[in-house]
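> kindly return the folded structure for what I paste below:
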Amino acid sequence: QVQLVESGGGLVQAGGSLRLSCAASRRTFSSYAMGWFRQAPGKEREFVAAIRWSDGSTYYADSVKGRFTISRDNAKNTAYLQMNSLKPEDTAVYYCAATNFLSTRVEDFGSWGQGTQVTVSS
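All right, here's what the predicted structure looks like:
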């Protein structure tokens, strides 16, 4: 399994920005994809964004389209989530995850990071 380490969470005011990073422990295969999910207290883990390593194809949840951007640096085995125009409802623990095909479903991702807290104050 791939080991994943997230960083970049924190406290930000509404309207602000944060960039999350997810470093993978080993070289990825061409079909691998990375995803970002989030889980707020008392809620289920939900999909945020995903990207395929090979060609950069992306998926986004409707709630973050136009505000969040997922990207990757193949040379560094690192994926990023740039979050702009943050809202209090974006507050959650954010997790990165890896899978061997582009997906939006939690159950399709087999490797997970430890999570990083993002708090957006109003």
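> let me know the secondary structure of the residue nearest the centre of the chain.
The residue lying closest to the centre of the chain (CA atoms, centre = their mean) is Trp36, at 2.3 Å. Secondary structure, DSSP: H, G, I helix; E, B strand; the rest coil: Trp36 is strand.
> with Ala75 instead?
helix.
> begin at 841 from here
Right, with 841 as the first residue, what we last looked at is Ala915.
> my read is that the residue nearest to the centre of the chain contacts Ile910, right?
Yes. At 6.4 Å, Trp876 counts as touching Ile910 under the criterion of CB atoms under 8 Å. The C-beta positions use only the backbone N, C-alpha and C, and glycine is treated the same way.
> which neighbours do the two share?
Common neighbours of Trp876 and Ile910, using CB atoms under 8 Å, 6 or more residues apart in numbering, are 889-890, 919, 921.
> who wins for neighbours among these?
Ala919 (29 neighbours; other CB atoms under 10 Å).
> out of everything not next to it in sequence, what's closest to that one?
Distances taken as CB to CB, 6 or more residues apart in numbering put Met874 closest to Ala919, at 4.1 Å, once the chain neighbours are dropped.
> how many other residues sit next to the one you found?
29.
> tell me how far it lies from Leu926.
Distance, Met874 to Leu926, using CB to CB, to the nearest Å: 21 Å.
> one more: Gly848?
In terms of CB to CB, Gly848 sits 13 Å off from Leu926.
> again, but for Ser861
Distance from Ser861 to Leu926, by CB to CB: 17 Å.
> likewise Thr909?
13 Å.
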